[in-house]
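Enquirer: would you be able to build a 3D model of this:
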Amino acid sequence: MFFKAFIHRTTLFKAIVISFLVGLILNLVNQFDAIVSMDFQSISLSKVFITFLVPYLVSSYSIVSTKLSFLIGDVAVVDAHLECRHCHKNEINVKEKEIIPVCPKCLEHTDWGVKKSQA
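Expert: Have a look, this model is predicted:
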């Protein structure tokens with residue numbers, strides 16, 4: 001489920017945009033002298049790559065974590081089997097693009113989480 005959300009089109013697009021903006025700023029900060037003087041031999045390509053990669057991974061993780069939060073009233077982004085973490089008694093299956101309901105027992109105190117498999 002995490003991987004499916006990680007490679008989802010909107011996740012990829014948002015993470016690429018964020019990593020480009022943040023990576024550009026960080027590369028300018030970290031290698032400003034070499035960039036301004038156009039001393040391309042002094043620019044470390046591995047540092048350039050890592051400076052774009054880290055914001056991409058962090059933003060992707062943040063986006064996926066938010067997508068998998070399953071808050072009542074939100075739209076599910078993936079199919080999931082959920083358990084109410086407040087009462088631990090009710091379970092539901094939600095489909096992608098379905099509105100997440102409240103737990104009939106907990107109502108406004110509903111706290112859905114992905115049901116851990118029993119295997």
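Enquirer: where do the domain boundaries of the chain fall?
Expert: 2-67, 70-119 (automatic domain parsing).
Enquirer: pLDDT weak spots in this protein?
Expert: 117-119 (pLDDT under 70).
Enquirer: now with 50, please.
Expert: 118-119 (pLDDT under 50).
Enquirer: can I get the domains of the chain in TSV including mean neighbour count?
Expert: Heads up, the C-betas are built off the backbone N, CA and C, glycines and all. Formatted as TSV, these follow (neighbours: other CB atoms under 10 Å):
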stretch	mean neighbour count
domain 2-67	14
domain 70-119	14
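Enquirer: can you give me the helices for this structure?
Expert: In the chain, the helices defined using DSSP state H lie at 2-6, 9-30, 32-36, 45-67.
Enquirer: can I get the first one in CSV, CA atoms only?
Expert: Only the C-alpha atoms of helix 2-6 are listed here, as CSV (Å, rounded to 0.1, in the frame of the first residue of the first chain):
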residue,chain,number,x,y,z
PHE,A,2,2.8,2.4,0.9
PHE,A,3,4.6,1.7,-2.4
LYS,A,4,1.5,2.2,-4.5
ALA,A,5,0.9,5.6,-2.9
PHE,A,6,4.7,6.3,-3.3
